[in-house]
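1. the following block contains a protein sequence and its predicted model.
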Amino acid sequence: MKEKRTLDFDSLPELNGMDVFIRLDTDLDAKLKKDATFQEVYERSQSALMFICGTNAEDEAWRNAARLRAGLNEFYSLEDAAKRDCKRNCIKEKPVKIHDSKNPLVHLMYLLRHVNVHAQVSNTRVHQTSVISTLGGDAHKIDLGAVILDAPTIDQVQRCNEAIDFYNSADLARATKWIDEVQYVFGIGEVFRRGVSAYCREILMSISSHSQPNPAFERDCAKARSPSI
C-alpha cells in the first residue's frame, strides 16, 4: 500500500479579506521582488496570478475556465522554477516539492492541475454575492460576481489516480468541502491566489539555511558557470 500524504488543516488560509491588487501576499511579494535569488519563481508566480485572478464575471465561462487552467499550470511550474533558481544561485538545499507541502489547498491545486490536463476541464459559473469594502476609508457594501467552480471539487479530484493512491479519502472530502464553501466569498481566483502564495512561502522557508556558506559547493558552481573554450 502506498503511503498517504499528511495534510495540516490548520495551515488553510482565512479568507477574511481580498487584496485590490493582483499580487502575492503583501510581505511575500515585497520579499521576492526585492531579492533576485528566486527570480523565476517570482515571475512564474506573477504569471499564475495573472491568469487565476483574471477571471471575470462578465466573460464567457470557457474563458474563465481557460484562465484557471493556465494559472494552475503556472503554479505547477513553480516547483521546477525553484530548482533552477537554486542551481543558478549555488544553493545546495533542495526546495520543497509541491507534494511535500502540508497545506491542503496546495495539494488540491496540484490535483486540479492534473485533472485539467489529463482528465477533464473544470467548468465555471458566476455566483452573485456582496462584500464589505473599506476602500476610501468608509465601509460600504458592493455587489460582486464571484467566478466559482461549477462542480463539486471532490468529483473532479477523484478523476486523478494520484488522489486515490496518495490521499486519505476523509482528508480529501474535508479539503474539497472547504474549498467548495470558501470560494463563494470572493471567488475561486482569490482562493487559488492564497494557494500560490502559500507554496511560494514554503519554498523560501525550505531553503532558509542557504545563507550559510559552503565553499566547496560554491567553487563547483563557479566552475560550472565558467564558459568553456
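-> Right, received. Where do you want to start?

2. enumerate every residue touching the nearest residue to residue 79 once chain neighbours are set aside.
-> On the basis of CB to CB, 6 or more residues apart in numbering, the spatially nearest residue to residue 79 that is not a chain neighbour turns out to be residue 98, at 5.2 Å. Quick note: C-beta positions are derived from backbone N, CA and C, even for glycine. Under the criterion of CB atoms under 8 Å, 6 or more residues apart in numbering, the contact partners of residue 98 comprise 76, 78-79, 106-107, 110, 199.

3. those in helices, which ones?
-> 76, 78-79, 106-107, 110, 199 (DSSP state H).

4. which pair of the residues you listed spans the longest distance?
-> Looking at the ones in helices among the contacts of residue 98 by CB to CB, the two members farthest from one another are 78 and 107, with 14.0 Å of separation.

5. residue 96 contacts residue 203, doesn't it?
-> Yes - the pair residue 96 and residue 203 passes the contact test of CB atoms under 8 Å, sitting 6.1 Å apart.

6. those two: who's more crowded?
-> Neighbours of residue 96 and residue 203, each counted by other CB atoms under 10 Å, are more numerous for residue 203; the result is 24 against 19.

7. please enumerate the strands of the chain.
-> All strands of the chain, identified by DSSP state E, fall at 124-133, 140-149.

8. pLDDT value on residue 37, please?
-> Residue 37 is assigned a pLDDT of 93 by the prediction.

9. picking up where we left off before, of the contacts of residue 98, just the buried ones, PyMOL syntax please.
-> Entered in PyMOL, the line below selects the buried ones among the contacts of residue 98, by 16 or more other CB atoms under 10 Å:
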select buried, resi 76+78+79+106+107+110+199
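
10. specify which member of the contacts of residue 98 is nearest to residue 173.
-> Within these, the smallest distance to residue 173 is 13.2 Å, found for residue 107 (CB to CB).
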